[in-house]
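**Student:** Got a predicted structure here, sequence first:
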Amino acid sequence: MAQREGNVGEPRAGNQSQVARGGALFTRLLASTMKICLILVLFLNGTSSVSVMLNHPISLPCGHGEKVVWRKVIPINANVAECQNEKCVVNESFRQRFAVMHEKNYTLFLKSAKYNDQGQYVCSRDGIDKHFKLEVVVPINLTAVESENITLPCYADTQSNVRDVTWLHDEQKILHYSTNGGTNPSNGYKDRVLLTEDGFRDGDISLTIMDVQKTDEGLYRCLVHDETAKGYPHAYMLHVKENPINAGGNQTEGNTNEKRIRIGLIFTLLLIIPFFVFLLCCKKTTTPVAESQSTTDSEPIQESDQKQSTRPFYSGGNTHVLQNLGMISHNDNFNNETTDSIETSM
């Protein structure tokens, strides 16, 4: 009997296991169905797709209403913020990086987007819903040299129903390719952007930018199938640096201008310096002459100056030099007396 009871119990356990597995499968199917239905509802209501780079800010505008509620519905269902009578309260789990301001149409502000912030957001105001699909982009950084070419690699499965490729630059469509219409670059990119030749057949939808300019900096994204699917890699952040040749040319031009300025200054100094030297020489030459003339005309000769003068005189056959005028007068008297005494004796 015990053996029979055991035999009977084994099928019961197996049935319970099968029921549990069936319940889990049903739950998964139900969840998937709900998500599909929700996506369809969002699609029918009109959903705005918004992209933001990782760690960058983003804002989702809503509109005025007496009561405004922000919710995140995919991949989770949670209230982000509620506003009533111009007072907004942000849920604690979103408070660190989210904010809502009634002064700006109850816009939802995200200070620094993280990867888990992507998903579906709904703003409900007075019975009107507004849907947003937020995508957080993690781009690959690339650096290009100005005036040169660069290729942004991207790949996608183009074997099935994919018939087109779109490249975006900062949300602006710069190139659209379709198997029916060929390649259509946007204004400003004509003859500057192209896809890999015959690459679409092999799944290579890489973008080549020719003659890179400073304005080409920014976010580039690769999309296929009417922009509903992503290529891989999906996004690039392009940085453009100055071409060393152009920089060298500018530097050479700057050096040439400096040399011209220096040569001009030197030439000016060479003209000015001789002129000042000439003026100084003329001043030194004219000053002593003027002083000597003024001294001769206005000041009499002093007696001490007369005594210091010397001149020759003749006495018989010898020449004597007198040191001063006083000696000259004394010798004249002596000669006269000698002549008188000689005449008397005769």
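**Tutor:** All right, it came through fine. Numbers count the residues shown, from 1 in each chain.
**Student:** Wait, Val90 touches Val100, no?
**Tutor:** Yes - using CB atoms under 8 Å, Val90 is in contact with Val100, at 6.4 Å. In this view, the C-beta of every residue, glycine as well, is placed from N, C-alpha and C.
**Student:** check contacts around Thr143.
**Tutor:** When contacts are counted by CB atoms under 8 Å, 6 or more residues apart in numbering, Thr143 touches Leu238, His239, Val240, Lys241.
**Student:** Tell me which of those residues fall in strands.
**Tutor:** Mapping the contacts of Thr143 onto strands (DSSP state E) picks out Leu238, His239, Val240, Lys241.
**Student:** Need the per-residue pLDDT for Gly199.
**Tutor:** The score at Gly199 is 90. That number is its pLDDT.
**Student:** Thr158 now?
**Tutor:** 89.
**Student:** Check Ile261 too.
**Tutor:** pLDDT at Ile261 comes out at 85.
**Student:** Just confirm it is within a helix.
**Tutor:** Yes - assessed with DSSP: H, G, I helix; E, B strand; the rest coil, Ile261 lies in a helix.
**Student:** And it, how close does it get to Pro274?
**Tutor:** Applying CB to CB, to the nearest Å, the value for Ile261 to Pro274 is 22 Å.
**Student:** Please enumerate the helices of the stretch 101-250 of the chain.
**Tutor:** 199-202, 244-298 (DSSP state H, counting those that start in this stretch).
**Student:** In the shortest one, which residues are buried?
**Tutor:** For helix 199-202, the buried set under the neighbour-count rule, 16 or more other CB atoms under 10 Å, comprises Gly199, Phe200.
**Student:** Put the alpha carbons of it into CSV.
**Tutor:** C-alpha atoms of helix 199-202 as CSV (Å, rounded to 0.1, in the frame of the first residue of the first chain):
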residue,chain,number,x,y,z
GLY,A,199,28.8,48.6,-48.2
PHE,A,200,25.1,48.3,-47.7
ARG,A,201,25.1,44.9,-49.4
ASP,A,202,27.6,43.7,-46.8
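**Student:** which residues touch it?
**Tutor:** With contacts defined as CB under 8 Å, 6+ apart, helix 199-202 is touched by Thr158, Val165, Tyr177, Thr179, Ile205, Ser206.
**Student:** Where strands are concerned, which of those count?
**Tutor:** Val165, Tyr177.
**Student:** which helices and strands does the helix or strand where Val80 lies pack with?
**Tutor:** Using DSSP states H and E, the element containing Val80 is strand 78-84. Here strand 78-84 touches strand 67-74, strand 87-90, strand 98-101, going by 3 or more CB pairs under 8 Å, 6 or more residues apart in numbering; DSSP states H and E.
**Student:** related to what we said a few turns ago, would you turn the ones in strands among the contacts of Thr143 into a markdown table with pLDDT?
**Tutor:** Listed next are the ones in strands among the contacts of Thr143 as a markdown table, based on pLDDT from 0 to 100:
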| residue | pLDDT |
| --- | --- |
| Leu238 | 97 |
| His239 | 96 |
| Val240 | 96 |
| Lys241 | 95 |
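**Student:** of those residues, buried ones?
**Tutor:** Leu238, Val240.
**Student:** Strands of the stretch 1-150 of the chain, residue ranges please.
**Tutor:** 47-53, 58-60, 67-74, 78-84, 87-90, 98-101, 107-110, 119-125, 128-137, 140-145, 150-152 (DSSP state E, counting those that start in this stretch).
**Student:** For the first one, which outside residues touch it?
**Tutor:** Residues outside strand 47-53 that contact it (CB under 8 Å, 6+ apart): 58, 60, 110, 113, 120, 130-139, 171, 219, 221, 237.
**Student:** again with the fifth one
**Tutor:** The contact list for strand 87-90 (CB under 8 Å, 6+ apart) reads Val68, Val80, Ala81, Glu82, Cys83, Phe98, Ala99, Val100, Met101, His102, Tyr106.
**Student:** Now, of the residues you listed, which are buried?
**Tutor:** Buried, going by 16+ other CB under 10 Å: Val68, Val80, Ala81, Glu82, Cys83, Phe98, Ala99, Val100, His102, Tyr106, out of the contacts of strand 87-90.
**Student:** Can you give me every residue that contacts the third one?
**Tutor:** With contacts defined as CB under 8 Å, 6+ apart, the neighbours of Ala81 are Val69, Trp70, Cys88, Val89, Val90, Asn91, Phe94, Phe98, Val100, Leu108.
**Student:** What sits closest to the first one if chain neighbours are left out?
**Tutor:** Leaving aside its sequence neighbours, Val69 sits nearest to Ser124 (CB to CB, 6 or more residues apart in numbering; 4.7 Å).
**Student:** how far away is that neighbour from Asn91?
**Tutor:** 15 Å.
**Student:** cool, and Ser48?
**Tutor:** For Ser48, the distance to Asn91 - CB to CB - is 22 Å.
**Student:** PyMOL command to pick out the buried ones of the contacts of helix 199-202?
**Tutor:** In PyMOL, a selection of the buried entries from these looks like this (16+ other CB under 10 Å):
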select buried, resi 158+165+177+205+206
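**Student:** could the contacts of helix 199-202 go into a markdown table alongside distance to Leu265?
**Tutor:** Below are those laid out as a markdown table (distance: CB to CB, whole Å):
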| residue | distance to Leu265 |
| --- | --- |
| Thr158 | 68 |
| Val165 | 61 |
| Tyr177 | 61 |
| Thr179 | 69 |
| Ile205 | 60 |
| Ser206 | 56 |
